[in-house]
Structure formats: C-alpha cells, structure tokens
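A.B. asks: Fold the following.
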Amino acid sequence: MEFGGATARRSAIYAKVCLQLSRVVITLVAMTELPDKFWKAHRQTNRWLQLVACVCAVLLCFNFAAAESDSDIREMVQQINQLREAGKYREAVPIAEQVLKYCEKNYGSDHPETADSLTDLASLYGHMGERAKAVTLYERALKIREKALGRDHPHTAIILNNLAETYREMGDFAKAEPLYKRAIKIFETKVGKTHPNTLSCLNNLALLYEDKGDMAKAEPLYTRVLKAREEKIGPDSPAVANSLTNLAALYYHQGKLAQAEPMYERALKIYEKAVGPENPHTANIQNNLGALYLQQGELAKAESLFKQSFQTREKILGPNHPATGESMNNLAWVYMDGGDYAKAEPLYQQSLKITEQADGPEHPNTASCLNNLGVLYQMMGDYKKAEPFYQRALKIREKAFGPDNSALVSSIGGLADLYRLQKDYAKAEPLAQRALQLSEKTYGPGHEMTATAYNDLGAIYVGMGKYDKADPLFQKALKLFEEKLGPNHYKAGAALDNLGALYREKGEYKKAESYALRAMEVTEKARGPDHPETATSLNDLAKIYEAMGDKAKADPLRQRATEIRNKNKIKSASPQPTPSSSPT
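C.D. replies: Below you'll find the predicted structure:
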C-alpha cells in the first residue's frame, strides 16, 4: 500500500507550519525609534547642539551656517521623513546621503551631527534589508557618540539599541544581546528603570529572546514592560497597547490563543479610542487578531478583520505601501486555507509586486512573498511552478543572512517537502536534514520549528519506506508540540495524524487507530468541526478502518469528510466582496 495522499496533505500543512512567521504577518512593535533616532525627532527645530551638565539634558538639534543651506537641508529632511513614512526607503537614500555629505563637509567626520546623519541613513538601509551597510553606518555613528558624549551617555545607548536591533534582524543574536544589555544598563542608570527608552530597549531584548525561541526569558520582560507602562502612564495608553500586542504575539506563537485573544481585544479598544478606527496602529491590531482567528480555523472572522486592516492601510498609507501588501498577503492565506486558490493567487502576486517595489527584489520581505507563492502552487499541486519561487526565496535569504541563519529554514523545508511530493527523495532528504540542523543550531532542539523539521524529515523517510527512521522523528515532533504548544494544539493533532498514517502503512492497525482517533479529536477541537484539516483527519481514520476491513466505521467518516469539503467549496464559490485594489 502506497504511503501517499493523506500524508502528502498533512506534510503540506507542515510546510505551512514551517512558514508561520512569513505566512501571516504578525505586527510586533520593536521600539527601535527612540526619541533622537530620526531627524523628525530632533532636527526640525533650528538650534545648536547643547551639552548641559545634567545626565539626561542633552538635546541633539541642528544648526546651519547659512540661512540658504538651513532652508534647503530642512526641506530635504522633511522629504526623508515623508518617504520613510510612505515606505519609499530607496527613494529616501540619495537624499539622506546628500545630508550626510553636508554634515561631513560643514561639521567634520567626527561631529555629533554627522553621527545623527549616519544613523538616519543606516535606518533606511535597515528597512531595505541591506543590513550589512546599516551595521557599518551604525558602528561609525557609535564611535562618534562615544567620543563626543561618552560611553555611558543615554544618546550613546540609543545607537547601541539600534545597532543591536539590526543584528537581531540579521539573526546574529550573539552580537545583538550584549549591545541591548549595555544599552539597558545605561538607560537604567542615567534616566531610570521606568523611562520610555529603558522600557523600549527591554521590549527589544524580549523580541530577541522570542526570535531565539527562549520564551521563558521573553515573557517576563514583556510583562515587566507592560506593568511599568500601566503604572507610569495609565492602562489606556497606546504604549500599553503596544506591550499588550507584543505579549499577545508571544502567546500566539506558543499556541496559547485563549491568552492572546483578550490582550489583542484590549489593545484594539485602546487604539480605537486613542487614535480612532482608521489608523495604522488600529489596523495592526486588527491584522493580528485576524491571524489568531485564522489559526483557530475561523476563516470568516479572520477575513473580516484582514479586510478592515487592508482598507485602513490602503486609505491612510496608500495602495502600494508595504503594510497594504502585507494585508493582501494575509487575505490570500485566508483564501488558500479555505481552498479558494483562484482568489489567493492574484493577492499573493500583488503583494509580491508591492514588496519588490518598496523593498527591492533582493530584500528578505520579498523572499517571504516568494515563499508564500511557492506554498500556494504546492497546495495547488503545481510543483513545477512552485519550485522556482522556493529557490529564489532561498537564494535571497542566503545572500542576506548567510548559509547558517534560521531565516533559511522555511525555504529549505518547503523545497524539501516539494521534492518529497514529487518522490525525488535524493533531493529532498539532504535539504530536510539541512533544515533540521539549522533549526537545532539556531532555535535549539526543543523549539517548535525544530519539531516541524523532525516531522518533515520523517515524512521523507516514510516515502522512502524507511519506517524505522521515521517513527522516532514523528515521536519527537509530537512530544515537542505537546510540550511547547499544549496537547490540544492543531500541530499536535497533525503529528498524531502522521503517526497514525505511519502505523497504518506498517500494518499495526490498533496503534494506528489509537493515534488517528486522538488526532481527530485534537484537530476538531483546535480547528473546528468544519475545517479542511478536520476533514483530513476524518479521512485518514477512515483509511485505517478500511485497511482493517471495517467498512461500517469507515463510510460515515468518509461521508462527513466529503460534506466538510463540499461545504468549504460552496463557501469559496459564494460571491464575496473583494479589496478595492484587488489586482487584475
């Protein structure tokens, strides 16, 4: 008996698990833009740099030698800010370079104003994904700050934070962590433990730990920041909503959706009251709450929130802003999860187009869009079309992050699963092994992503008929999902289903039945009675009963699975309102 259909579908679900961080964009608010980071925060007033003999009374401002130059540069600064806010980073770079040259010529290469210009240019390169350039500029700015203001000055700490944030985004956690800690120590000593800059830097360190998969370190930091903000500025402040969002996202990634949901709802109420329903911050929370509902299999709720978020972003930020493209990506995932590939495809394509234009064709965000299109075509069974998208995404990520970065795992894992589905095990096995090694190295052996890598390699061994190699890998995956996400998470259900299918192939039907029954129970509870994955679990259990010759048990399970799939097809075929800028 061939080990095929059900496992192919289940492994496709795991390809999506691998892609979780890029499939639906969860808006984590990294508070990198500390008060003097950008020109708009400290240069729109025309004053001299003042050094006051008080630990936190340094105000970085800008003065120009001639009135004509003053006016010209101030206009350029405003242009940079407008382009940055519109997501047009590439257009802002040459203007920022001109401002830097002006500072170097008029103030010298080691002047604090030159440091500020370097910081502004670095931030643009960071947004563009050219993080190596950003690091060089931040490091130069840091040396100037240290020389001019001292190693322990709060404005030196700001550069430390921003440099650390760049390393975090590069996946170089070893370099980022000590920089964050040094910045936090400076802030705590000079401006206090509850100062906004101290709390923002603590927030960023929590993001680092979350990226590393060290939730035990991330959670208390998020909680500390939330508590301090509530006490210092009140429970209804947007800064409190920011903390709620990040803590909720942590719970979301742990599969603790019941804990995340009320936090997102509270954050949404705060933003709606503070800034109104049509605001980018409000749209971010709608986006995240939509992602949560998508995880729960509540596609109608997810779609509604994603559309609200999309409409706000399109109206406020414009149809070609990266955040608008993000909303298109997330809507596409709703349609793909519902099996409506015809709706998903143009949205993914338009999201890719927006991202390429905003960030460039070699940006990691572009790689995420490419990867998602690869998943779509894989789900559609068009493997030849999916392959170049996965390959291009992998190439971009290798160039941006190097060969040993965690960001490569989803591309490598997706490509491995694609070759598995085509039964090209000679290509699939080494890729899956590489994905597992990267996961173990960067996330650790006890991380959820590592569990996914165990599962994917196990599926390849099943296809090769190496059941004894597959079994321990599936068992490891199940144990990790249950430990990290809970025994009733849908990923645990998927792992149980894989074990059921494995034992069915080995002819051990009683074991297979036990795993498949648990898989059906967990999946239905986590995803809902009408979710496509529930139909898959029902179908897989039916196959076991058919193999046992128990048609009386198999038939009603088959029938119910068919009813669920037909119901989802009818939903997909129903006329639905589409986003106003749906691509043609």
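A.B. asks: ok, for residue 327, nearest residue in space, not its chain neighbours?
C.D. replies: Excluding its sequence neighbours, the residue lying closest to residue 327 (Cβ to Cβ, 6 or more residues apart in numbering) is residue 310, at 3.6 Å. Just so you know, the C-beta spots here come from the backbone N, C-alpha and C atoms, and that holds for glycine as well.
A.B. asks: Please save the CA atoms from stretch 440-447 in CSV.
C.D. replies: The C-alpha trace of stretch 440-447 is given here as CSV (Å, rounded to 0.1, in the frame of the first residue of the first chain):
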residue,chain,number,x,y,z
GLU,A,440,18.6,22.7,16.1
LYS,A,441,21.6,25.1,15.8
THR,A,442,19.6,28.4,15.8
TYR,A,443,16.4,27.6,17.7
GLY,A,444,17.6,24.7,19.8
PRO,A,445,16.5,21.0,20.0
GLY,A,446,13.4,21.9,22.0
HIS,A,447,11.9,24.5,19.7
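A.B. asks: Other residues contacting that stretch?
C.D. replies: The contact list for stretch 440-447, computed with Cβ atoms under 8 Å, 6 or more residues apart in numbering, reads 171, 212-213, 404-406, 409, 439, 449-450, 453, 480, 483-484.
A.B. asks: now the helix ranked longest in the chain, how far from the chain's geometric center?
C.D. replies: The residue-count maximum for a helix in the chain (DSSP state H) belongs to helix 551-573. Its chain's C-alpha centre and that of helix 551-573 lie 33 Å apart, by Cα atoms, centre = their mean, to the nearest Å.
A.B. asks: Would you mind extracting the C-alpha trace of that helix into CSV?
C.D. replies: The C-alpha coordinates for helix 551-573 follow below in CSV (Å, rounded to 0.1, in the frame of the first residue of the first chain):
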residue,chain,number,x,y,z
LYS,A,551,-16.4,-0.6,6.2
ALA,A,552,-19.2,0.2,8.7
LYS,A,553,-16.9,2.5,10.6
ALA,A,554,-15.1,3.9,7.6
ASP,A,555,-18.1,5.0,5.5
PRO,A,556,-19.6,7.6,7.8
LEU,A,557,-16.2,9.2,8.4
ARG,A,558,-15.6,9.4,4.6
GLN,A,559,-19.1,10.9,4.2
ARG,A,560,-18.5,13.5,6.9
ALA,A,561,-15.1,14.5,5.4
THR,A,562,-16.8,14.9,2.0
GLU,A,563,-19.5,17.1,3.5
ILE,A,564,-16.9,19.4,5.1
ARG,A,565,-15.0,19.7,1.8
ASN,A,566,-18.2,20.4,-0.2
LYS,A,567,-19.3,23.0,2.4
ASN,A,568,-15.9,24.8,2.0
LYS,A,569,-16.2,24.6,-1.8
ILE,A,570,-19.6,26.3,-1.6
LYS,A,571,-18.2,29.0,0.7
SER,A,572,-15.4,29.6,-1.7
ALA,A,573,-17.7,29.8,-4.7
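A.B. asks: From the contacts of stretch 440-447, list just the buried residues.
C.D. replies: 171, 212-213, 405-406, 409, 439, 449-450, 453, 480, 484 (16 or more other Cβ atoms under 10 Å).
A.B. asks: Using pLDDT, spot the least trustworthy of those residues.
C.D. replies: Per-residue confidence across these is lowest for residue 213, with 75 (pLDDT).
A.B. asks: picking up where we left off before, need the pLDDT of the residue nearest to residue 327.
C.D. replies: So, for residue 310, pLDDT stands at 96.
A.B. asks: Does anything pack onto the one helix or strand residue 227 maps to? Which helices or strands?
C.D. replies: Under the criterion of DSSP states H and E, residue 227 resides in helix 215-233. Judged by 3 or more Cβ pairs under 8 Å, 6 or more residues apart in numbering; DSSP states H and E, helix 215-233 is in contact with helix 196-212, helix 238-253.
A.B. asks: Those into TSV, with extra columns for distance to residue 417?
C.D. replies: Converted to TSV, the helices and strands packed on helix 215-233 look like this (distance: least, Cβ to Cβ, whole Å):
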stretch	distance to residue 417
helix 196-212	24
helix 238-253	21
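A.B. asks: closest to residue 123 out of those helices?
C.D. replies: helix 196-212 (14.4 Å; Cβ to Cβ).
A.B. asks: Ok, which of the helices and strands packed on helix 215-233 comes nearest residue 423?
C.D. replies: helix 238-253 (33.1 Å).
A.B. asks: could you give the angle of that closest one to helix 215-233?
C.D. replies: Per axes from the mean of the first three to the mean of the last three Cα atoms, to 10 degrees, the angle that helix 238-253 makes with helix 215-233 is 160 degrees.
A.B. asks: Could you check the angle helix 238-253 makes with helix 196-212?
C.D. replies: 10 degrees.
A.B. asks: Looking at helix 238-253 now, give me its mean pLDDT.
C.D. replies: 91.
A.B. asks: Specify the next element, helix or strand, located C-terminal of it.
C.D. replies: Heading C-terminal from helix 238-253 (DSSP H and E), you reach helix 257-274.
A.B. asks: for that following helix, packing partners?
C.D. replies: helix 238-253, helix 280-295.
A.B. asks: How about it, which residues are buried there?
C.D. replies: Neighbour count says helix 257-274 has 257, 260-261, 263-264, 266-268, 270-272 buried, by 16+ other Cβ under 10 Å.
A.B. asks: Tell me how far the nearest residue to residue 221 once chain neighbours are set aside lies from residue 299.
C.D. replies: Leaving aside its sequence neighbours, residue 221 sits nearest to residue 206 (Cβ to Cβ, 6+ apart; 3.8 Å). In this view, residue 206 and residue 299 are 31 Å apart by Cβ to Cβ, to the nearest Å.
A.B. asks: And the two? Which one has more around it.
C.D. replies: Applying other Cβ atoms under 10 Å to residue 206 and residue 299 shows that residue 206 carries more neighbours, namely 28 against 23.
A.B. asks: Thought residue 216 was touching that one, still the case?
C.D. replies: No: contact criterion Cβ atoms under 8 Å: residue 206 and residue 216 do not qualify, at 11.3 Å.
A.B. asks: Next, find the distance separating the residue nearest to residue 548 when sequence neighbours are not counted from residue 555.
C.D. replies: For residue 548, ignoring the flanking residues on the chain, the nearest one in space by Cβ to Cβ, 6+ apart is residue 509 at 4.9 Å. Going from residue 509 to residue 555 by Cβ to Cβ gives 17 Å.
A.B. asks: Looking at those two, which one has more neighbours?
C.D. replies: residue 509 (18 against 13).
A.B. asks: pLDDT (mean, whole number) over stretch 374-390?
C.D. replies: Here the average pLDDT along stretch 374-390 is 93.
A.B. asks: I meant to write stretch 530-544 there.
C.D. replies: 90.
A.B. asks: which of the residues in it are buried?
C.D. replies: Across stretch 530-544, burial judged by 16+ other Cβ under 10 Å covers 530-544.
A.B. asks: per-residue confidence for residue 128?
C.D. replies: Here, the pLDDT recorded for residue 128 equals 83.
A.B. asks: ok, residue 103 - contacts?
C.D. replies: Contacts of residue 103 by Cβ under 8 Å, 6+ apart are 111, 113-114, 116-117.
A.B. asks: I'd like to know which of those are part of helices.
C.D. replies: 113-114, 116-117.
A.B. asks: quick one: which of those residues has the most company?
C.D. replies: residue 116 leads the ones in helices among the contacts of residue 103 on contacts (other Cβ under 10 Å) with 29 neighbours.
A.B. asks: So residue 480, which state does it fall into?
C.D. replies: helix (DSSP: H, G, I helix; E, B strand; the rest coil).
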